[in-house]
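Peer 1: Quick one, what's the 3D model for this:
(2 chains)
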There are 2 protein chains.
Amino acid sequence: MTIQHPPTPDTALWLYAHPRRPSFNDLLFRAGTEALAATHSVVTSDLYAQGFDPVFSSRDLGELAETPGNLAEIAGEAFARGQLASDVELEQQKLAAADLLVIQFPLWWYGMPAVLKGWFDRVLTSGFAYGDLDPELGVPRRYGAGGLEGRRALVIVTAGEDPGSIGPRGISGDLESILFPLTHGILWYVGIEALDLHVVHDADALDGASVEREVVRLRERLRAIRSEPGRPFRRLSDGDYHGTRALREDILPGRTDLGIHLAANA
Amino acid sequence: MTIQHPPTPDTALWLYAHPRRPSFNDLLFRAGTEALAATHSVVTSDLYAQGFDPVFSSRDLGELAETPGNLAEIAGEAFARGQLASDVELEQQKLAAADLLVIQFPLWWYGMPAVLKGWFDRVLTSGFAYGDLDPELGVPRRYGAGGLEGRRALVIVTAGEDPGSIGPRGISGDLESILFPLTHGILWYVGIEALDLHVVHDADALDGASVEREVVRLRERLRAIRSEPGRPFRRLSDGDYHGTRALREDILPGRTDLGIHLAANA
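Peer 2: Prediction:
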């Protein structure tokens, strides 16, 4: 099955998960979508406003709700049959059209709010976002070769902590590592290159001037977003992981940190 | 405010998040809770069966739903006023009573299913699970000194991948690192020591004999669970992070992997 969805150039989907308006996140959302509209056609998924239900359940399996087997495979078959839930189909259409995905959320318990995690659980079905062996490449369509290849993503995260406590040796763990399940496990798996994280530290303690500075910083970053290079991880298909899907012993020997999965030229 | 909740000895809360019965996860859930009942009083939170709503929202703020400010602080104030939602109050009571927490879930997109992530988002409020400066210790009540100190947790996770692809140099990242936001960012933050992960690899491809082996392996582990030592991370209060909350330069110099946060004697 073909799982290519050529994106529409200069089209962005802004995926947003914060419960409050007004709020600092809401301010960034409004300022950011407005700024991005200067260069992109911007579609939004404001998950709280939409009342998006993040709980993957039998309604995500179409007529196969009672079929035994692997849930991810069954959801993929429901996708192939056109039997996904209508809210998921709509999100897939938005995502398929976008060549830039912006994902904005507050860091809750060192991860995404549940409503956002569940968006990925439900929307990134097999068949749509990744798939089995590609006959041309000879590798499964995942990790750099997924169904959404060719897209880039900007992750905007607000955190209550400072760069020291959530940095490379900070007690909360390095934010780059904490978000690896998103930037690599989700985005790169389906072929999307994450740009450098856009982090607002100490986000609960910003005064008025700091808020304004952050709005300006986000606007400026978005102004040049089209020319920002992605930060690719290694591809499953390029030999670095040989047959075992573990990194070859001769590459960065001895290291086990998550940074080993960044491409050598990144 | 006192946020100590002395656990009831040999009481367990089994937190479970899988949408299907029958299923392999359901089999482990039933066999596991039955086996644990030989040594513990077992309470369950079967999140799918309960229809637990994982989306943190204004109903988690009591009468302060419209009050501006930090959401986590406001939820803590709602806790202090006894204004949390009744489903959250019930989960807090279950958790407060337990001295062993079992958390069972399938790995979805390299993390917890949304319904489980949102359980933590909603249930672990400030005041209940962590807090401000402790006058005796002189440190905030978090990272080893949280409101749930003295408890242990067993994380049971089923993964579709093999130990190579999700191991220390596997393309999917080391499962220990991927689950660090849970074992450290959530559990250790509130004072709960995680035991070694209980992982079932290749969980979508088990034949009948393998399923039976896994059930036996879980039963045997649970039989001796009371004597298993926890695997503590470093405490915020013990000086390893000095004033900056970054690990002291003389401890494991140069390393930035998440393993640096394990206690030296672990």
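
Peer 1: Okay, strands next: where are they in the stretch 51-200 of chain A?
Peer 2: Secondary structure of the stretch 51-200 of chain A (DSSP state E, counting those that start in this stretch): strands at A:100-106, A:131-133, A:140-141, A:152-158, A:193-194, A:198-200.

Peer 1: Sheet partners, orientation included, of the first one?
Peer 2: In the sheet containing strand A:100-106, the strands it pairs with under DSSP bridges are strand A:11-16 (parallel), strand A:152-158 (parallel).

Peer 1: Comparing those strands, which comes out most buried?
Peer 2: Each of the strands paired with strand A:100-106 was assessed for mean neighbour count using mean count of other Cβ atoms under 10 Å in any protein chain shown. The highest is strand A:11-16, with a mean of 24. Placement of C-beta: from N, CA and C, glycine included.

Peer 1: What lies in contact with the following helix or strand past that one?
Peer 2: Past strand A:11-16, further along toward the C-terminus, the next helix or strand under DSSP states H and E is helix A:24-36. Helix A:24-36 is contacted by residues A:12, A:14, A:16, A:18, A:20, A:42, A:44, A:46, A:102, A:104-106, A:156, A:158, A:200, A:203, A:206, A:211, A:214-215, A:218-219, A:222-223, A:225 when judged by Cβ atoms under 8 Å, 6 or more residues apart in numbering or on different chains.

Peer 1: Now the buried members of these.
Peer 2: Listed as buried from the contacts of helix A:24-36 are A:12, A:14, A:16, A:18, A:20, A:42, A:44, A:46, A:102, A:104-106, A:156, A:158, A:200, A:203, A:206, A:214-215, A:218-219, A:222, A:225; burial here means 16 or more other Cβ atoms under 10 Å in any protein chain shown.

Peer 1: quick revisit: format the strands of the stretch 51-200 of chain A as CSV; extra columns: mean pLDDT.
Peer 2: Compiled in CSV, these are given as follows (pLDDT from 0 to 100):
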stretch, mean pLDDT
strand A:100-106, 98
strand A:131-133, 82
strand A:140-141, 82
strand A:152-158, 98
strand A:193-194, 96
strand A:198-200, 98
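
Peer 1: how deep is A:Ala145 tucked in, by neighbour count?
Peer 2: 20 (other Cβ atoms under 10 Å in any protein chain shown).

Peer 1: Identify the residues contacting it.
Peer 2: By Cβ under 8 Å, 6+ apart, the neighbours of A:Ala145 are A:Asp134, A:Leu137, A:Val139, A:Gly191, A:Arg235, A:Leu236, A:Ser237.

Peer 1: mind checking how far it is from B:Ala75?
Peer 2: When distances are taken as Cβ to Cβ, to the nearest Å, A:Ala145 and B:Ala75 turn out to be 42 Å apart.

Peer 1: about what we covered before: among the strands of the stretch 51-200 of chain A, which is nearest A:Gly170?
Peer 2: Distances from A:Gly170 to each of the strands of the stretch 51-200 of chain A were compared using Cβ to Cβ; the shortest belongs to strand A:198-200, at 12.5 Å.

Peer 1: touching chain B at all, the closest one?
Peer 2: No - using Cβ under 8 Å from any Cβ of the partner chain, strand A:198-200 stays clear of chain B, with a minimum separation of 13.8 Å.

Peer 1: Report the next helix or strand after that strand in sequence order.
Peer 2: Going down the chain from strand A:198-200, the next helix or strand is helix A:208-223, by DSSP H and E.

Peer 1: just the angle between that next one and strand A:11-16, please?
Peer 2: Using axes from the mean of the first three to the mean of the last three Cα atoms, to 10 degrees, the inter-axis angle of helix A:208-223 relative to strand A:11-16 is 150 degrees.

Peer 1: Check whether helix A:208-223 comes near chain B.
Peer 2: No - for a cut-off given as Cβ under 8 Å from any Cβ, helix A:208-223 has no contacts with chain B; the smallest distance is 13.0 Å.

Peer 1: Export that helix to PDB, keeping only CA atoms.
Peer 2: Once side chains and other backbone atoms are set aside, the C-alpha atoms of helix A:208-223 remain, and they are given as PDB (Å, rounded to 0.1, in the frame of the first residue of the first chain):
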ATOM      1  CA  GLY A 208       5.600  41.300  31.700                       C
ATOM      2  CA  ALA A 209       8.900  42.200  30.000                       C
ATOM      3  CA  SER A 210      10.000  38.600  29.800                       C
ATOM      4  CA  VAL A 211       6.700  37.600  28.300                       C
ATOM      5  CA  GLU A 212       7.100  40.200  25.600                       C
ATOM      6  CA  ARG A 213      10.600  39.100  24.900                       C
ATOM      7  CA  GLU A 214       9.400  35.500  24.500                       C
ATOM      8  CA  VAL A 215       6.700  36.600  22.100                       C
ATOM      9  CA  VAL A 216       9.300  38.500  20.000                       C
ATOM     10  CA  ARG A 217      11.800  35.500  20.100                       C
ATOM     11  CA  LEU A 218       9.100  33.200  18.800                       C
ATOM     12  CA  ARG A 219       8.000  35.600  16.100                       C
ATOM     13  CA  GLU A 220      11.600  36.000  14.900                       C
ATOM     14  CA  ARG A 221      12.200  32.300  14.900                       C
ATOM     15  CA  LEU A 222       9.100  31.700  12.800                       C
ATOM     16  CA  ARG A 223      10.000  34.400  10.300                       C
END
